[in-house]
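Asks: Need coordinates for the below:
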Amino acid sequence: MALYLVTGASGAFGAHAAKMLLGLGHRVVSFEHDSHPFDTASLLGIRNEITWVRGSLLDETLCKRVVADYSPDSIWNFAALPIVQAATRTTVPIFDTNVMGTVNLLEAVKENNWAGKKIRFIQVSTDKVYGDAGERPYTEDMPLNGLSVYDASKACADIIARTYAHVGYAPALATVRPSNTIAPGDMNLGRVLTRILVPCMRGESPILYRTPYKREYMWVEDSVGWIYLLDRALANGKANGEAYNIGSGSQRTLEEAVAETLEHFPGISPTWIEAPPISRLEIPYQKLNCTKFKDLVGLGSPPMGFSGALAKLVEWWRANWDRLPPAIKTLKIEGWH
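Replies: Below is the predicted model of the structure:
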């Protein structure tokens, strides 16, 4: 049994990573800078299985104390302010959390490394770091040209993390660049599937911005499973300092994603409204080439595609709707989130 420090374990991606690790018999520690009545860890039923440290990743002393006290075998850094639109409204908190929060964790890894404690580190980046590459699939050797605030913050953290490996501060570090993740219990209203499903569960029309963008989607259990395979590779002395794309190869435009979702809710149609001008900063086309990762771990069966992941997501909402707090079930999603 190992101990994992999983930052961002109250959010959708990190909570599913924590759930997987707990299911494998590992222990999980995470930071919590504030609490919500319906975070993903609670909705997945794992909140009381995680050891929570009250405080912020921006507290360098706290980061170093936690890493020294709990002595994790591996750190998976999911913590981030993750929504592109939110990053257009406030800049400094995005860079603080996404960049300096990462630096503080890496400094703790460096100190432990110098003291003889080797800690694995996985920086959870994003496909947004590549920026607009036209309709070419992203490969890891492409430049990181993400120029929106969120994209740039994640690109900075991505480079900084690999720097710590390159100069010898981190003995076993890699970054992953995932595609969009489909996750049960994701309550972030900046994500299109949540914006569709909450009103649909009430029998109402979802209110959506019409945009032409095309995205790649991956089922969260596939994503965290791949991250665990990368962690095992690091434990075996492989992949240090490397970056890896992880994705399913399954793409949808917004209108295709909406249409396919509404097939699960006969009789409901979307209400399209004009997108805010800031949406023009979004990357128009995203597709990942994952050959490098597959060559590393020798993956066999392919990950679940969009249709299968969507069906499982709708099934989760229907199975859990009655037990969700009223604050979720009555949410009116009309404006810019």
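Asks: Which helix or strand lies directly C-terminal to the lowest-mean-pLDDT helix or strand in the chain?
Replies: With mean pLDDT, DSSP states H and E as the measure, the helix or strand of the chain carrying the lowest mean pLDDT is helix 84-89 (a mean of 61). Along the chain past helix 84-89, the next helix or strand (assigned with DSSP states H and E) turns out to be helix 92-95.
Asks: Check which helices and strands the very next helix or strand once past that following helix sits against.
Replies: Next along the chain after helix 92-95, taking DSSP H and E as the criterion, comes helix 101-114. Contact partners of helix 101-114 among helices and strands, from 3 or more Cβ pairs under 8 Å, 6 or more residues apart in numbering; DSSP states H and E: helix 60-70, strand 74-77, strand 120-124, helix 149-166. For the C-beta atoms, the positions are set from N, CA and C on the backbone; glycine is no exception.
Asks: in helix 101-114, what counts as buried?
Replies: With burial defined by 16 or more other Cβ atoms under 10 Å, the residues of helix 101-114 counted as buried are 101, 102, 103, 104, 105, 106, 107, 108, 109, 110, 112, 113.
Asks: can you list the residues you listed in a markdown table and add pLDDT and distance to residue 222?
Replies: Formatted as a markdown table, the entries for these read as follows, by pLDDT from 0 to 100; distance: Cβ to Cβ, whole Å:
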| residue | pLDDT | distance to residue 222 |
| --- | --- | --- |
| 101 | 97 | 26 |
| 102 | 98 | 24 |
| 103 | 98 | 30 |
| 104 | 98 | 30 |
| 105 | 98 | 25 |
| 106 | 98 | 27 |
| 107 | 98 | 32 |
| 108 | 98 | 30 |
| 109 | 98 | 27 |
| 110 | 98 | 32 |
| 112 | 98 | 31 |
| 113 | 98 | 31 |
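Asks: Just the closest of these to residue 18, please.
Replies: Proximity to residue 18 was ranked across the buried residues of helix 101-114 by Cβ to Cβ; first place goes to residue 105, at 16.3 Å.
Asks: Which single one of the buried residues of helix 101-114 is nearest to residue 136?
Replies: The shortest approach to residue 136 among the buried residues of helix 101-114 belongs to residue 102, at 27.6 Å (Cβ to Cβ).
Asks: Show the contacting residues for that closest one.
Replies: With contact taken as Cβ atoms under 8 Å, 6 or more residues apart in numbering, residue 102 is in contact with 57, 77, 123, 157, 160, 161.
Asks: quick check, nearest of those residues to residue 317?
Replies: Closest approach to residue 317 among those (Cβ to Cβ): residue 77, at 28.5 Å.
Asks: The closest one contacts residue 122, doesn't it?
Replies: Yes: with contact defined as Cβ atoms under 8 Å, residue 77 counts as touching residue 122 (6.9 Å).
Asks: still on that earlier bit, same list as before, the helices and strands packed on helix 101-114 that is, but in CSV and with mean neighbour count included.
Replies: Putting the helices and strands packed on helix 101-114 into CSV (neighbours: other Cβ atoms under 10 Å) gives the following:
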stretch, mean neighbour count
helix 60-70, 17
strand 74-77, 25
strand 120-124, 27
helix 149-166, 22
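Asks: would JSON lines of the ones you listed with distance to residue 287 and mean pLDDT be doable?
Replies: Supplementary listing: the helices and strands packed on helix 101-114 in JSON lines, determined by distance: least, Cβ to Cβ, whole Å; pLDDT from 0 to 100:
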{"stretch": "helix 60-70", "distance to residue 287": "35", "mean pLDDT": "98"}
{"stretch": "strand 74-77", "distance to residue 287": "25", "mean pLDDT": "98"}
{"stretch": "strand 120-124", "distance to residue 287": "19", "mean pLDDT": "98"}
{"stretch": "helix 149-166", "distance to residue 287": "16", "mean pLDDT": "96"}
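Asks: mind giving me TSV with these and columns for distance to residue 259?
Replies: Compiled in TSV, the helices and strands packed on helix 101-114 are given as follows (distance: least, Cβ to Cβ, whole Å):
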stretch	distance to residue 259
helix 60-70	45
strand 74-77	35
strand 120-124	30
helix 149-166	27
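Asks: Among the ones you listed, which comes closest to residue 49?
Replies: Here helix 60-70 is closest among these (Cβ to Cβ), at 15.2 Å.
Asks: Quick one: list the elements packing against the closest one.
Replies: Packed against helix 60-70, as judged by 3+ Cβ pairs under 8 Å, 6+ apart, are the following elements: strand 3-7, strand 27-32, strand 51-54, helix 101-114.
Asks: can you rerun that using 6 Å?
Replies: Helices and strands touching helix 60-70, by 3 or more Cβ pairs under 6 Å, 6 or more residues apart in numbering; DSSP states H and E, are helix 101-114.
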